[in-house]
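> let's see this in three dimensions:
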Amino acid sequence: MTRSALDGEDPDRLYTVTGGRSSADDIDLDLVTLIVRESLPSAGMQSEHVRILEIAARPTSVVELSSYLALPVSVIKILLADLLATGKVSARHPSSAQAAGRTSDSEFLKKVLVGLRNL
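Predicted coordinates:
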């Protein structure tokens, strides 16, 4: 039997990191939502928030943040809810660029097909 990543995690630490919250119901983030830093860390911030802001200097997905911080995705979502509420980060789904009209799915697939043929 293999051990899960949380087997060695202290539940008290997770409780402390999230301030006792078990979910971030007010935000809708999925695993591929990109998080981008909007401001630098400030003095007195929670260390996990500071680390997220450091990593999110470039667009980073929720699942990547979970991996970098070695925390469950549910905990990352709670931390991101705090940062979103204060305007320290912004969130955007990768498909929002297509929704804005940059390129349609069929145009994108044609470009991929041309690229594959050129290989």
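> sketch out the low-pLDDT regions of the chain for me.
Counting by pLDDT under 70, the chain contains low-confidence ranges at 1-25, 95-104.
> repeat that for 50
1-5 (pLDDT under 50).
> quick one: the strands in it?
34-37, 60-61, 89-92 (DSSP state E).
> okay, now S42: neighbour count?
11 (other CB atoms under 10 Å). Bear in mind the C-beta positions are built from the backbone N, C-alpha and C, glycine included.
> circling back: can you tell which of the strands of the chain is closest to V73?
For V73, the closest of those is strand 60-61, at 10.3 Å, according to CB to CB.
> so what strands line up beside the closest one?
strand 34-37 (antiparallel) (DSSP bridges).
> in the partner strand, what counts as buried?
34-35, 37 (16 or more other CB atoms under 10 Å).
> how about these in a markdown table, adding distance to D105?
Shown next, in a markdown table, are the buried residues of strand 34-37 (distance: CB to CB, whole Å):
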| residue | distance to D105 |
| --- | --- |
| L34 | 19 |
| I35 | 25 |
| R37 | 30 |
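> which among these gets closest to R92?
Nearest to R92 among those, with distances taken as CB to CB, is L34, at 5.4 Å.
> give me every residue that touches the closest one.
59-61, 91-94 (CB atoms under 8 Å, 6 or more residues apart in numbering).
> how far away is it from Y68?
Going from L34 to Y68 by CB to CB, to the nearest Å gives 14 Å.
> does V73 really touch T33, like I thought?
No: V73 lies out of contact with T33 (CB atoms under 8 Å); the separation is 10.8 Å.
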